[in-house]
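no FASTA, just this:
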């Protein structure tokens, strides 16, 4: 079974609009972390934001926020006021702390911001 | 701090050749990872290490070997290269402690022909 599921292979969004990228996960480990990464066309992987399973509040980093719904096992990335430079691949990832410390990635969502 | 460095940046191998991809981090991170990313795909974990002297298989370990003799270095060895190993290889490390984001190297683009 897939541990991380990103159901949107691609998205097109108008500049300045907010964007929500979906991510659902599957784990029985009570202690885990969820991460989002950005991969622009240049290829590097850029860490954006993380959420711990015990964190009470949703994580935020500038224009990025993580909509963490633990009961639904979802960790959607929200980008406010999108910019042309946000066009990239976005990956959701999970680390299970009590299991094996692996960090597993989803297949990604390609985001296109339209001018 | 250089962060995570990888060498080489690009390499072309012939089928059956061997090579070692180098990865070094200067942040004193215990945890290090090797991923491969095939064109248009996500990252698949090859091997990882939670500290010097300890390595474990990831999702796609076949055809690869690793070692971790020091905290800083985590080389990935390809023996008998095959076209299926054409990919971009990323090394990553993460800070000690429960839940932190990984730092990634710039990647090595490998082509096997």
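Arrived safely, thanks for sending. Everything numeric here is computed off the predicted structure, so don't read it as measured data.

the helix or strand bottoming out on mean pLDDT in chain B packs against which elements?
Lowest on mean pLDDT, DSSP states H and E among the helices and strands of chain B sits strand B:102-104, with a mean of 87. In terms of contacts (3 or more C-beta pairs under 8 Å, 6 or more residues apart in numbering or on different chains; DSSP states H and E), strand B:102-104 is packed against strand A:46-52, strand B:87-94. Placement of C-beta: from N, CA and C, glycine included.

next, the buried residues of the first one.
In other words, strand A:46-52. For strand A:46-52, a neighbour-count test (16 or more other C-beta atoms under 10 Å in any protein chain shown) marks A:47-52 as buried.

now do it against strand B:87-94, angle only.
Angle of strand A:46-52 versus strand B:87-94, following axes from the mean of the first three to the mean of the last three C-alpha atoms, to 10 degrees, is 50 degrees.

which stretches of chain A form helices?
Counting by DSSP state H, chain A forms no helices at all.

show me which residues of the host helix or strand of residue B:109 are buried.
Here residue B:109, judged by DSSP states H and E, is contained in strand B:108-112. For strand B:108-112, burial by neighbour count (16+ other C-beta under 10 Å) applies to B:108-110, B:112.

closest one of the residues you listed to residue B:16?
Nearest to residue B:16, judged by C-beta to C-beta, of these is residue B:112 at 9.2 Å.

I figured residue B:67 hits residue B:53, correct?
No - using C-beta atoms under 8 Å, residue B:67 makes no contact with residue B:53, being 9.1 Å away.
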